[in-house]
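Trainee: Output the structure for:
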Amino acid sequence: MSAPVELPKWADVVVIPLLNITLAFVISGLVVLMIGEDPIGATKLMITGSLGSLNGLGYTLYYATSFMFTGLAVAVAFKAGLFNIGGEGQAYFAGLGAALVGLNLGFLPAFIVVPLAIAASLLFGALWALIPAYLQAKRGSHIVITTIMFNSLATALMSYLLVNVLRKTGSMDPSTQIFAASSFIPRMKDVLGYFGFAAPETPLNLSLFLALITAFLVWVLIWRTRLGYEIRTVGANPHAAVYGGVSPARITILTMLISGALCGGLAVNALLGEAHRVQLDYTAGFGFVGIAVALMGRAHPLGIVLASILFGMLYQGGAELAFDKPKITRDMIMVIQGLVVLFGGALEGLFRKPLADFLNRIGMSG
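Mentor: Here you go, the predicted model:
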């Protein structure tokens, strides 16, 4: 096995992702060209559709908010050497926590209900991660297998509850009734309107700031606390962690609880900030996209924020592109997203050696 290629920090964090994303879009452009569309025009349309207006920007940041939460969840687990592939199920079950508060505590004022609903979402997300964490820590079950299984269990459980228990009386729609207004997280349009600024109607809400604060807190946790040091130690070498007095089983359970709670942030954004009710499959695959976001962001909070914005652009810009260019279907947008994941994640080392050789030749390898 060859030794890992070492690069300066700036090259590893900035240049490598840019090269990978550029290659992904070049190949995507070739695919678009093959179906008879102009790749440059398609790229411009995707960018303007996601960033070229306040409406597009609002949707882009709304999607990015959910990706930040799920990406951070995957990244925290990565640091402990765990691959939490169950973010979809954890976020889905977190919606039950939001619903229980939003449907039953509406008589309380908003400054009490909103924090309780957020806390319930995070708690239920953590609880859904607890059993896979325990099975990995105490019974040796692989976390990938158990979290995949728990995605299916969450889908089955939530489907049963939405159809038979939580469904609004007299409605055929498998969803809860609208939450109490006191549980709503304010939308950005309303906040800006309060200060006299006009903004279009988009689902963007104050959960964006919660996601950014969470990213900072995750950075503090991982790199500035004893628990974070223990998490990184277990992820790097469990045997050395035991020698140093750290219990891998304890860290596994704690890390998965944190990861599951972070997935609950998706419920906060999508339910408390936008839909205000739980619907079937409201998570829409965002839990799985978090894996790609964590890979693209190098499992670092800042990288995850930037990768989340990129994927938000792909989602919103892709929707605009599919609408204006019928030949470029939603499936084609999925191909473009997949190429970004492929080159930004699975093949992220493609340019490492050539870039290292180039930097050595020009004397910038230090």
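
Trainee: quick one, phi psi at residue 35?
Mentor: Residue 35 adopts backbone torsions of phi -90, psi 10, taken as degrees, to the nearest 10.

Trainee: Helices of the stretch 101-250 of the chain, residue ranges please.
Mentor: 110-139, 143-164, 188-194, 207-224, 226-236, 238-243, 248-267 (DSSP state H, counting those that start in this stretch).

Trainee: Now these in JSON lines, please, with extra columns for mean neighbour count, distance to residue 31 and mean pLDDT.
Mentor: C-betas here are computed from N, CA, C, even on glycine. What follows is the helices of the stretch 101-250 of the chain, written out as JSON lines (neighbours: other CB atoms under 10 Å; distance: least, CB to CB, whole Å; pLDDT from 0 to 100):
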{"stretch": "helix 110-139", "mean neighbour count": "21", "distance to residue 31": "36", "mean pLDDT": "97"}
{"stretch": "helix 143-164", "mean neighbour count": "18", "distance to residue 31": "30", "mean pLDDT": "96"}
{"stretch": "helix 188-194", "mean neighbour count": "15", "distance to residue 31": "35", "mean pLDDT": "93"}
{"stretch": "helix 207-224", "mean neighbour count": "17", "distance to residue 31": "32", "mean pLDDT": "98"}
{"stretch": "helix 226-236", "mean neighbour count": "18", "distance to residue 31": "37", "mean pLDDT": "96"}
{"stretch": "helix 238-243", "mean neighbour count": "14", "distance to residue 31": "42", "mean pLDDT": "93"}
{"stretch": "helix 248-267", "mean neighbour count": "26", "distance to residue 31": "30", "mean pLDDT": "98"}
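
Trainee: Columns distance to residue 273 on top of those, output as a markdown table?
Mentor: Output for those, formatted as a markdown table (distance: least, CB to CB, whole Å):
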| stretch | distance to residue 273 |
| --- | --- |
| helix 110-139 | 10 |
| helix 143-164 | 19 |
| helix 188-194 | 9 |
| helix 207-224 | 5 |
| helix 226-236 | 28 |
| helix 238-243 | 38 |
| helix 248-267 | 10 |
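
Trainee: Determine which of these approaches residue 12 most closely.
Mentor: Smallest distance to residue 12 across these (CB to CB): 16.3 Å, for helix 207-224.

Trainee: quick revisit: just so I know, which of the helices of the stretch 101-250 of the chain lies nearest residue 303?
Mentor: It's helix 207-224; of those, that one is closest to residue 303 (CB to CB) at 9.9 Å.

Trainee: contacting residues around the closest one?
Mentor: With CB atoms under 8 Å, 6 or more residues apart in numbering as the test, helix 207-224 has contacts from 61-62, 64-65, 68-69, 72, 75-76, 79, 118, 185, 188, 227-228, 231-232, 258, 262, 265, 268-269, 272-273, 300-302, 304-305.

Trainee: quick one on the thing from earlier: residue 177 is nearest to which of the helices of the stretch 101-250 of the chain?
Mentor: helix 143-164 (11.2 Å).

Trainee: before we move on, the earlier item: for the helices of the stretch 101-250 of the chain, which one sits closest to residue 363?
Mentor: The closest of those to residue 363 is helix 207-224. By CB to CB, the value is 30.4 Å.

Trainee: Now do that closest one against helix 248-267, angle only.
Mentor: If you take axes from the mean of the first three to the mean of the last three CA atoms, to 10 degrees, helix 207-224 sits at 160 degrees to helix 248-267.

Trainee: Please save the CA atoms from stretch 137-148 in PDB.
Mentor: Output of stretch 137-148 as PDB, limited to C-alpha atoms (Å, rounded to 0.1, in the frame of the first residue of the first chain):
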ATOM      1  CA  ALA A 137     -21.000  -0.900  21.100                       C
ATOM      2  CA  LYS A 138     -22.200  -3.900  23.200                       C
ATOM      3  CA  ARG A 139     -23.100  -6.600  20.700                       C
ATOM      4  CA  GLY A 140     -20.700  -6.000  17.800                       C
ATOM      5  CA  SER A 141     -23.400  -5.400  15.200                       C
ATOM      6  CA  HIS A 142     -22.200  -3.300  12.300                       C
ATOM      7  CA  ILE A 143     -23.500   0.200  12.400                       C
ATOM      8  CA  VAL A 144     -24.000   0.400   8.600                       C
ATOM      9  CA  ILE A 145     -26.300  -2.700   8.600                       C
ATOM     10  CA  THR A 146     -28.400  -1.600  11.700                       C
ATOM     11  CA  THR A 147     -28.800   2.000  10.600                       C
ATOM     12  CA  ILE A 148     -30.000   0.800   7.100                       C
END
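
Trainee: No further queries at this time; thank you.
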